[in-house]
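Please work out how this folds:
(one chain, ligands or ions: 2)
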Amino acid sequence: MLVLGLETSCDETAAAVVADGRRVLSNVVATQFELHAVYGGVVPELAARRHLENLLPVIRGALDQAGVTLRQIDGLAATQRPGLIGALVIGMAAAKTLAYALRRPLVGVHHLHAHVVSIFLTDAPPAFPFVGLVVSGGHTNLYLVHGFGDMRLLGRTRDDAAGEAFDKVAKIMGLGYPGGVVIEALGAAGDPAALPLPRPRIPEEPLTFSFSGLKTAVAVLLQKHPEILVDPRARADLAAGFQEAVVDSLVSRAMLALEHTGCRSLVVAGGVAANGRLRRALAEAAGAAGAELFLPPLSLCTDNAAMVAALGHHLLQAGERLPLDADVFSRG
Ligand code: KG4
Ligand code: ZN
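Ligands and ions are numbered 1, 2, ... in the order given. Reported below is the predicted structural model:
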């Protein structure tokens, strides 16, 4: 079964053709990175307009790369939630139109569940149940995953998402946008223990994340010691120390979730899962706990439509259908 997936929840316009929920025949992503970079973050109205311009060429590209025609597509999947409303509407309208014109079934996909499902596009996916951690620019969610249609939320962030913390700290440090890649590169030469930074915990909610205190700690430190920004060594130490605090928070809660659920497999996905330090720390911790770590390749960690098509395939197989008058939702 061939599924065409569309993803337009934030600032990537993406289309992909996936066979049987496993084989990626094409995975086209048009990033709007340069459009939003000057503003230091995604501007929703600009994102929606750019999706409108990009979507048809991206769909055409995905079909061409897969070597299939529209008529060969058996089903459609589009991100329905969570995301920017104006952006979601564009992808969903296109998917509804194609489903109606081609008389093919349509399904709406939860963007964060799709991030978890990206691991099923690799050669050796985990067996259910497993713990899934989605770390992106908008979300930091821990799931107990029993099946494609059964993901239970174990914990989330009460304020900023992990990726958002990277982006905001990069902005405070004058490093540009998006922050994750620049902070990782700068921190590579730094000492993560040189500048102690907090690791906020909420004792009564051990699986809840919180990153805004960490961001504030960086801002306060820089107010007191502006010289850090002009000293290459201190700048690298700050980037490394901040990254380490985020990594500690993510790894400790992921391990706790494994302990609480009795699961032996951990899947980590989303844009922040591209971070090399996080990948190494997770591998170490999972190894020490006797658990197996599953990480999608970098191209499937950031926003893409292959993960949407893959989850769409399984939901369509389970009989889910989205009516043509269905809405999109900003919240998860
Ligand atoms: O999943 P994603 O592509 O889009 C959302 O759905 O948000 O995640 C984007 C986020 C951004 O906040 C970006 O700074 C972060 O992922 N990111 C990273 C790295 N690469 C991207 N964070 C840390 N280290 C990286 N190497
Ligand atoms: Zn995402």
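
which residue ends up closest to the midpoint of the chain in space?
By CA atoms, centre = their mean, the chain has its centre lying nearest to Gly270, at 2.6 Å.

Now for this protein, the helix or strand with the poorest mean pLDDT.
Within the chain, no helix or strand scores below helix 33-37, which has a mean of 78 by mean pLDDT, DSSP states H and E.

Mind exporting the C-alpha coordinates of it to PDB?
Provided in PDB are the C-alpha atoms of helix 33-37 (Å, rounded to 0.1, in the frame of the first residue of the first chain):
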ATOM      1  CA  PHE A  33      14.800  28.300   7.500                       C
ATOM      2  CA  GLU A  34      16.100  31.500   5.900                       C
ATOM      3  CA  LEU A  35      12.600  33.100   5.800                       C
ATOM      4  CA  HIS A  36      12.300  33.000   9.600                       C
ATOM      5  CA  ALA A  37      16.000  33.300  10.600                       C
END
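
re earlier: per-residue pLDDT of the closest residue to the residue nearest to the centre of the chain other than its chain neighbours, please?
Counting by CB to CB, 6 or more residues apart in numbering, Gly270 lies nearest to Ser136, which is 3.7 Å off, once chain neighbours are set aside. Placement of C-beta: from N, CA and C, glycine included. Note for Ser136: predicted pLDDT of 92.

Identify the residues contacting Ser136.
Residues in contact with Ser136 (CB atoms under 8 Å, 6 or more residues apart in numbering) are 112, 115, 161-163, 270-272, 303.

change it to 10 Å
Contact analysis of Ser136 by CB atoms under 10 Å, 6 or more residues apart in numbering lists 10, 111-112, 115, 161-164, 180, 269-273, 301-303.

Among the residues you listed, which ones lie close to ligand 1?
10, 163-164, 180, 270-272, 302-303 (CB under 6 Å from any ligand atom).

Redo those as a markdown table? Include pLDDT and secondary structure.
Shown next, in a markdown table, are those (pLDDT from 0 to 100; DSSP: H, G, I helix; E, B strand; the rest coil):
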| residue | pLDDT | secondary structure |
| --- | --- | --- |
| Cys10 | 87 | coil |
| Gly163 | 95 | helix |
| Glu164 | 94 | helix |
| Gly180 | 94 | helix |
| Gly270 | 94 | coil |
| Gly271 | 92 | helix |
| Val272 | 96 | helix |
| Thr302 | 90 | coil |
| Asp303 | 93 | coil |
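
ok, the residue nearest to the centre of the chain touching Pro296?
Yes - judged on CB atoms under 10 Å, Gly270 makes contact with Pro296 at a distance of 9.4 Å.

hey, what's in contact with both of the two?
Taking CB under 10 Å, 6+ apart as the contact rule, Gly270 and Pro296 both touch 115-116, 118, 302.

Within range of ligand 1, give me the residues from the chain.
Residues of the chain lying close to ligand 1 (CB under 6 Å from any ligand atom) are 10, 136-138, 163-164, 166-167, 178-181, 184, 270-272, 274-275, 302-303.

Out of those, which are close to ligand 2?
Applying CB under 5 Å from the ion to these, one finds that 136, 303 fall near ligand 2.

Please, where are all the helices along the stretch 101-250 of the chain?
Using DSSP state H, counting those that start in this stretch, the helices found in the stretch 101-250 of the chain span residues 111-117, 162-172, 179-187, 212-224, 232-261.

and for the fourth one, what are the contacting residues?
In other words, helix 212-224. For helix 212-224, contacts defined as CB under 10 Å, 6+ apart pick out 157-160, 162, 164-169, 171-174, 195-200, 228-229, 238-239, 241-242, 245-246, 249.

Repeat that for stretch 32-49.
Residues outside stretch 32-49 that contact it (CB under 10 Å, 6+ apart) are 8-13, 50-51, 53-54, 83-90, 137-138, 164, 167-168, 170-171, 176-179, 330.
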